[in-house]
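Undergrad: sharing a model prediction with you, sequence too.
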Amino acid sequence: MVNEIKSSKLSNQYFWKENFETFENEEALKYHYGVTQYPFNFSLYDKLVEKIIDPILSEKKQLQILDAGGGTGKWSVYFAKKGHQVTLIDVAEPMLKVAREVVEKEKLLNKIVIEKGDIVHLSYKDQSYEFVFSDRNPISHCGQKENSYQSIRELYRVLRKDGIIFGCVLNRMRKVAQLAMELDLDRALQLTKEGDLQRGQNDFSHYYLADELKAILLDTGFTDIKIYPTTVFTEFIPNAWLLDEIPLEKLLKLELLARERPDLISYGVRFHFIARKD
């Protein structure tokens, strides 16, 4: 069982790392607990996502959805409970093991298909899905720039005409600011120039500039592109994602206001985006 966390004083009990491919079973359980039980997630982060995706989900009675890099299945369950058919893929088998348990417990086996898969090399036919969803940075975590770009092309390929993608990538300049604050200046300079950050011997994540993200989406063929900075201010609070005693309702209002300010786009820890395939 996963221990309940009440404050950042117990942060050593919570597991988080970027290299999801190497998750162990216990780590996957802790990850699922964090994204489903921490107030930061269900009272703030999830609400920011829902503000974008709920209008899309209500456009049709039932959508064929690809949850690309869906981890332990939190959003797949959300979609299925709204009546949609979902395919959940992830590269990490321990994450999928938890997802299978969650889906079975929720009695949604008829709504959700769970498969191991890599979004850089999708096995699905062209135009298989009406809505592609990829949250918590799988596109960034595919590797260096070309792999990350290729994942966007693959997600475009399996999306039907007039379909919509919701995606999430890491913001380069916010990470550069963090590295600079830590006086990790060599990596800050390298990340500024290249956008790729090494996180293991052979593991990289690609961090995007807002203009770069828009350019690759346009080049791939997407239209009606909207890019949102997400958690502009909240993550300035040390260990905000662990705390349960911060005024999340007011912070949510602040984050929603920040999305309306184009001059704040580079302050978000990540970029959420939606776009359409004509």
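TA: On my side now, so go ahead.
Undergrad: mind checking the SS state of Ala275?
TA: strand (DSSP: H, G, I helix; E, B strand; the rest coil).
Undergrad: give me the number of residues near it?
TA: 25 (other Cβ atoms under 10 Å). Any C-beta I mention is one placed from the backbone N, CA and C, and that applies to glycine too.
Undergrad: against Cys168, how distant is it?
TA: Ala275 sits 13 Å away from Cys168, going by Cβ to Cβ, to the nearest Å.
Undergrad: check Glu101 too.
TA: With Cβ to Cβ as the criterion, Glu101 and Cys168 are 25 Å apart.
Undergrad: doesn't Phe166 make contact with Ile53?
TA: Yes: between Ile53 and Phe166 there is a contact under Cβ atoms under 8 Å: 5.5 Å.
Undergrad: joint contacts of these two?
TA: Common neighbours of Ile53 and Phe166 (criterion: Cβ atoms under 8 Å, 6 or more residues apart in numbering): Phe133, Ile274.
Undergrad: which residue ranges of the stretch 51-200 of the chain form helices?
TA: Using DSSP state H, counting those that start in this stretch, the helices of the stretch 51-200 of the chain run over residues 74-81, 93-105, 145-158, 172-181, 185-194.
Undergrad: spell out the residue ranges of the strands in the stretch 101-250 of the chain.
TA: Secondary structure of the stretch 101-250 of the chain by DSSP state E, counting those that start in this stretch: the strands cover 112-116, 129-134, 159-171, 196-200, 203-208, 222-230.
Undergrad: for those, which one sits closest to Ser151?
TA: strand 129-134 (8.2 Å; Cβ to Cβ).
Undergrad: name the helices or strands packed onto the closest one?
TA: With contacts defined as 3 or more Cβ pairs under 8 Å, 6 or more residues apart in numbering; DSSP states H and E, the packing partners of strand 129-134 are helix 46-57, strand 64-68, helix 145-158, strand 159-171.
Undergrad: the third one to strand 203-208, inter-axis angle?
TA: Just to be clear, that refers to helix 145-158. Between the axes of helix 145-158 and strand 203-208, defined by axes from the mean of the first three to the mean of the last three Cα atoms, to 10 degrees, the angle is 70 degrees.
Undergrad: how about the first one?
TA: With the same axes, to 10 degrees as the basis, helix 46-57 and strand 203-208 are set at 70 degrees to each other.
Undergrad: buried ones in helix 46-57?
TA: Asp46, Leu48, Val49, Ile52, Ile53, Ile56, Leu57 (16 or more other Cβ atoms under 10 Å).
Undergrad: do stretch 178-190 as well
TA: In stretch 178-190, counting by 16+ other Cβ under 10 Å, buried: Leu179, Ala188, Gln190.
Undergrad: please name the residues that touch the last one.
TA: In this structure, Gln190 makes contact with Leu197, judged by Cβ under 8 Å, 6+ apart.
Undergrad: redo the helices and strands packed on strand 129-134 as a markdown table? Include distance to Asp219 and mean pLDDT.
TA: Formatted as a markdown table, these follow (distance: least, Cβ to Cβ, whole Å; pLDDT from 0 to 100):
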| stretch | distance to Asp219 | mean pLDDT |
| --- | --- | --- |
| helix 46-57 | 23 | 97 |
| strand 64-68 | 19 | 98 |
| helix 145-158 | 9 | 98 |
| strand 159-171 | 14 | 98 |
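Undergrad: to Ile216, which of these lies closest?
TA: helix 145-158 (5.5 Å).
Undergrad: so what's the gap between the closest one and the chain middle?
TA: Centre-to-centre, helix 145-158 and its host chain are 15 Å apart (Cα atoms, centre = their mean, to the nearest Å).
Undergrad: stretch 158-173 now?
TA: 10 Å.
Undergrad: so where's this structure uncertain?
TA: For the chain, the stretches with pLDDT under 70 are 1-23.
Undergrad: and with 50 instead?
TA: 1-16 (pLDDT under 50).
Undergrad: quick check: buried residues in stretch 231-244?
TA: Thr231, Val232, Phe233, Thr234, Glu235, Ala240, Trp241, Leu242, Leu243.
Undergrad: just to revisit the earlier point, show me which of Glu101 and Cys168 is the more surrounded one.
TA: Legend: neighbour count by other Cβ under 10 Å for Glu101 and Cys168, higher for Cys168 (20 against 14).
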